[in-house]
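> pasting the sequence and the predicted coordinates here, then a few questions.
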Amino acid sequence: MQQTVNEAEFTVTKLVNERNGLMVQLEEEKRKCEDLLFRFEEESVNKDDIQVINTVNESRIKQLEEELAEERRERVAQLERDSIKLFEAEEELTRLHAIRSYKSLTFKLYAILFAFFPQLPLYRIGLLDLESRNQSLEEIKNSLEKEAREKSGLVNECVERIRELELELSKTQQESTSHSESESRLERELEATRQSLQNKEILLENMKQEFEKSANLLSEELRKSKETIETMRRENASERDSIINVLLSESRQTIEEKDRLIKVKTEELENESRRLLEQQNVALEGLKTENIKRIHELSESFEQQLRAKDSKIEEVSQQLSQKVSETERLLAELAAERELRKKKDEELIDALRKLEELSMKLKLAEESNNALSKQIQDYRSKSDDNIKIIHEKQQLEQDLASLIASEEKSTAQLNKLNEELRVRDRELAELRNANVAQLEEITKRFEAQINEKVKYIDEISADVAQKALMLAKLEKDIADLKAIIASKDEEIKHLLEKTSELQDALTLSEQTKTNLESELRVFESNVQNLNQQIVRSEEKISQLSLQKEKLECDVASAISSSTDSSEQLSKYNEDLRKKEKELDEAREKIFHVESTLRQTEGKLSNTETESNKNAALVEQLRSEKSNLESHIGDTKKSNADYVEKIREYERKENELSAKLKESEHIKKNLEEKSDEIAKLTERLTKKEEEIANLCGEHKTLQNSHEEQISSSQKQIADLSTELATSRDEIKNLQKFKNKLEADQSANLWSIEELTEKLKVESDTSSNLKNLIQEKSLKLQDTENKLSELQKTHDALINDKAAADNNLTTSLNTMTSTIEELNGKLKDAERMIRDKTDEVSKARAETEKSQAQIIEMDATISSMKEKHIRSSDELKNAQEAATQKQSIVNELTEVKTALENSVKSLETQLSNLHEKLDKREKLLAEMEVKIKESGTSKKEEILKLQNSLECEIVAKQKKVEDINKQNKELEEKLQSSQYAVDKHKTDLNDKENIIGKLKAQIKALEDAQVERIKAEQQSRNEETKLKQNELSGANKRIHELQHAMNALEKQLKEQADLARTMENNEKEVKKNVQNLQEKLNVAKTEETRLLGELSRLEKENKQVTAKWTETTNQLKLSHENLKNAYDGDMKQHIVAKLQEENDTVKSQIDFLNSVIVDMQRKNESLLCKIEVLEMGVPANEAEDYTRSTLDKRTAAPRMFCDICDRFDLHETEDCPRQAQDFSDRVPERAAKSKKQSVERPYCENCEMFGHDTGDCDDAETF
């Protein structure tokens, strides 16, 4: 229903918009007519031509009106068709949903009945009929879906038509632009008709007044129509129809009244136009200038109206798009509701399936019970004599009775559910029938309404076509009024914005006023303080002047008494100078105080002027605010009406939400019932398990009974007579047993439930006990805390009371203490600077130690170089003594040992570099921590300062409040004086406390200074110890250097011996023995050197450990200094430390580059060693590199075993094979070896010409 009402409203709005468009077009045509009239009047055209043009324009207007009426009729018809189609489609969809739900529910009900009552064959026939009906309904559904698709296609066609109409509207807008251009041209020609326009303007003003009245009436009618629409929504469809008819009749009456007014006013206008035509040529020239201005204003107003109409058209298009989006959203909601219904149907199907499964399980249980009863009867016939079997049978029968009772309960529950389902089906059927009847009634009513509306629309269109010409002038005036209303709305908006701005200005002015008042009070207090200082300074000046006069009197008396008292005179003169200086200082202070007084007075005057200005502004703003509030009151009244409407809509929404809650409650009931069914299934499974257990026990008993049967068969003959009596008794007992079993089953259920409840309650009780224990502990803790807190609270209250009484007078003392603290902070900064200088000194010492470590590295590198030289010389000895391979092997072993030692030294160097890197990282972390702690301290100090300032401001405010109270309560001066005395006593106490605190601060500062001095002494002692250790290490290094020089000398001697070995083999052998002995000695020395190196490494580790300890101590000292004082100069210190860190890093980078160069040199030397081992001469060894070695393979050398020489010939080609050893040619007589000339080489510069010892290291650094 609401959708149909909304659609009807939408059509009404469309009609109104179309009417507005027609009115706009009519206004444009009217303007054209008027312009043409003016043009022809100016050009003095004959009246016949004017009449012809008027007739042409009138015919054109009639054509346009007819076209617009036809288009309007077509649109109205299309909209009605679309609304009818949509309504029919919605009805068909609702019918389909109802049919589907009815079909699914009936199918489920019959399925349930068929499952529980298989003895009802008549329902099968009904099911077949229903299936046939469902098929027919599905066919109808398919046909309806096809029709819905066709209708959606028609809707799309309607949308396309609407778009075409929009294009036509755009074209008409373009035409209107062309008309506006023609108007601009004609406006140039309107200069001649100014006097007539003035007269017409007077008439227009009168018309405007009349139209304002009519516009007010129309607005009231619109409000009434809105209210009637809302009542239409609340009431039923019949009442809505009557209201619509009333509204239509009212609209007709209004239209008739307007038509009458239009006729009257058109007649008046025609008469006036005739008069104006006679008066046109009288006063054209005198009013040209004035009319030009008014024409411009009118053109601007026309342009504004056109813009407003364009904006209205855009709003209408936006509303159309919103309605389309709303329809899409509604369709999406319908789809979601369909899916929810499908889900609910599926859930019902699942529940029915579960019920069927339960019924199957019940049937199986019944079958098993029947089988067990048969077995029991068989066992009775076999073992009537055994009492045990009877007891077991009783137990089984009790279980069966319990099962039967549970089955009966479940069947009763199922019957109840079936009855509820039937009742609900009936209710659903009734609701469907009622809905179908309501829908049919609604469709009939809507069809009647639509027919009536079509008739009314035809009549209205005819009336509009007839009366469009008469309405043109009125509509023009209405458009003017709308423009005026729009301008007034804009003015209201501007006024609201101004009100907001004025309110902001008021708040700002009040804030400034309060701030200025607070500043005035502060200045007054400052003035009082300054006046007090001036009085004190004047008193001091008076005292100093008195002292000066006394001194001058003393001087005069001294001069008169004795001429020899020059010393006393000089003293008196010095005293006089001091007093004069003090007088000058006091005068300067007075001058500064007076200047500050003048400044404060000027500020006070400025603040007073500003406060007066602000007061005037406040009054203006308040007056404007009152005016704006009156405007806003009117708007609020209109808003109240809208609020009432919104409340009505909210009531409807609340009713719908209540209905939704009822549906949710029904869903919850269904879910609870499904949960009960699940519980029944679980109970059935438990019973089945119990039956299985009983079957197992039954089998065991059967085995025992088979053994007993063999013994009891002998007694059967004797007891056969007693069977009849026992059977009768058994039947009676069975009846009694069934009753007991039922009671037992009920008791078992109750016992189980009670046990479960007991378990739950025991768990809850245990949990509660634990919670009680925990809460008791917490209560004890909280009580203790409360007692402590109460004590602290009492103490704080006492302290607060004392502090509140004392802080008012302690502000001045606090300022003085703050200045003293600032002085102390400066002293602390100086101390921190001193400490930072000490830290820099310690760092310089660490840098010195690092430099010493670097020197040790250099000595180790020189040791490496010497070892490399010794290896080169040993290679020369190998070439000289190739025959002694054993010696060569020993030398190679020595070389490998040396290489291992070199590698170990390199690893030690790398470890040292790693340690240095770690230390640098630690230093960086230290710097970061120092920065962080400095920033934190600064923040803390700033917070303290801010808190002190806030406290001062708060206390100042309190002082101001107290001053106000003193002004207001002048009658209570005695009590206030008593309070002032108390304040003074409290102040004295506070001053005493402050003195004690100052003494404590001084004691703490002295203790910190003593600690710092002790730490400095300990650091100095540690540095001295380190220096002593470093001097010892340097001495050991010098000893090692001497030992290396001795080794070099020995190596030179070995070279000389190798040369002498070329002359004599005997001498060579002796020299080889000497060399072996010397090599042993070198090995022993090397082992000793290695031991010393290990010892040095240990010492280095100890030094590093001590260094870490010192750094930690430095950190602690830094932290203590930071905790004690503010670090204003820490930024400079941090910058210095960063510079030092950068320098250290640059040195480390340089050392790393040096290490890389050393590694390259080591690689080149290893390459040379490999080349010499290949047998290449020493002069040519420098031409080989690693790449050439990798490419080149050593060529085999010729060797003769007879001659024991290389490169001459092989042993096979020796000419001395047939000769005796007496004829042997002496060795090395034919070819004497050239002595290799040694060239000095610098490994630092990698150049020949000078030795590494003679190189200037300064150039490398």
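Structure received. For clarity, every value in this text was computed on a predicted model and none was experimentally measured. Numbering: from 1, shown residues only.
> any idea of the mean pLDDT in whichever helix or strand L997 is part of?
Here L997, judged by DSSP states H and E, is contained in helix 973-1061. Averaging pLDDT along helix 973-1061 yields 70.
> again with stretch 94-113
Mean per-residue pLDDT for stretch 94-113: 60.
> again with stretch 520-530
76.
> buried stuff in that stretch?
By 16 or more other Cβ atoms under 10 Å, the buried positions in stretch 520-530 come out as L520, R521, F523, L530. To be clear about C-beta, it is placed using only N, CA and C from the backbone, and glycine gets the same treatment.
> which of these lies closest to E1039?
Set against E1039, the nearest of these by Cβ to Cβ is L530 (80.5 Å).
> leaving out chain neighbours, which residue sits closest to that closest one?
Distance criterion Cβ to Cβ, 6 or more residues apart in numbering; nearest residue to L530, sequence neighbours excluded, is V593 at 5.1 Å.
> just to check, the one you found is in contact with V527?
No. Using Cβ atoms under 8 Å, V593 is not in contact with V527; the gap is 10.2 Å.
> what residues do the two have in common as contacts?
Shared contacts of V593 and V527 (Cβ atoms under 8 Å, 6 or more residues apart in numbering): none.
> burial check on D634, number of neighbours?
10 (other Cβ atoms under 10 Å).
> please shift the residue numbers so they start at 513 in all later answers.
Got it, the first residue is 513 from now on, which makes the last one we talked about D1146.
> give me the distance between it and H1721.
As for D1146, its distance to H1721 is 134 Å (criterion: Cβ to Cβ, to the nearest Å).
> try E578
136 Å.
> over to I1046?
I1046 is 125 Å from H1721, by Cβ to Cβ.
> try N1139
133 Å.
> in a helix, R1751, correct?
No. Checked against DSSP: H, G, I helix; E, B strand; the rest coil, R1751 lies outside a helix; its state is coil.
> look up phi and psi at the residue nearest to it when sequence neighbours are not counted.
Nearest-residue entry for R1751: F1760, 5.2 Å, with adjacent residues in sequence omitted and distances by Cβ to Cβ, 6+ apart. Dihedral pair for F1760: phi -90, psi 160, per degrees, to the nearest 10.
> now F1760, which residues is it bridged with?
Y1753 (DSSP bridges).
> wait, what's in contact with it?
Counting by Cβ under 8 Å, 6+ apart, F1760 has contacts R1751, P1752, Y1753, C1754.
> quick one: least confident helix or strand in this protein?
helix 1769-1772 (a mean of 49; mean pLDDT, DSSP states H and E).
> is it fair to say L1720 lies in a helix?
No. In this structure, L1720 is coil, not part of a helix, as judged by three-state DSSP.
> pretty sure it sits against R1709.
No. Look at L1720 against R1709 with Cβ under 8 Å: they stay out of range, at 10.3 Å.
> more neighbours, these two?
More crowded of L1720 and R1709, by other Cβ under 10 Å: L1720, with 13 against 9.
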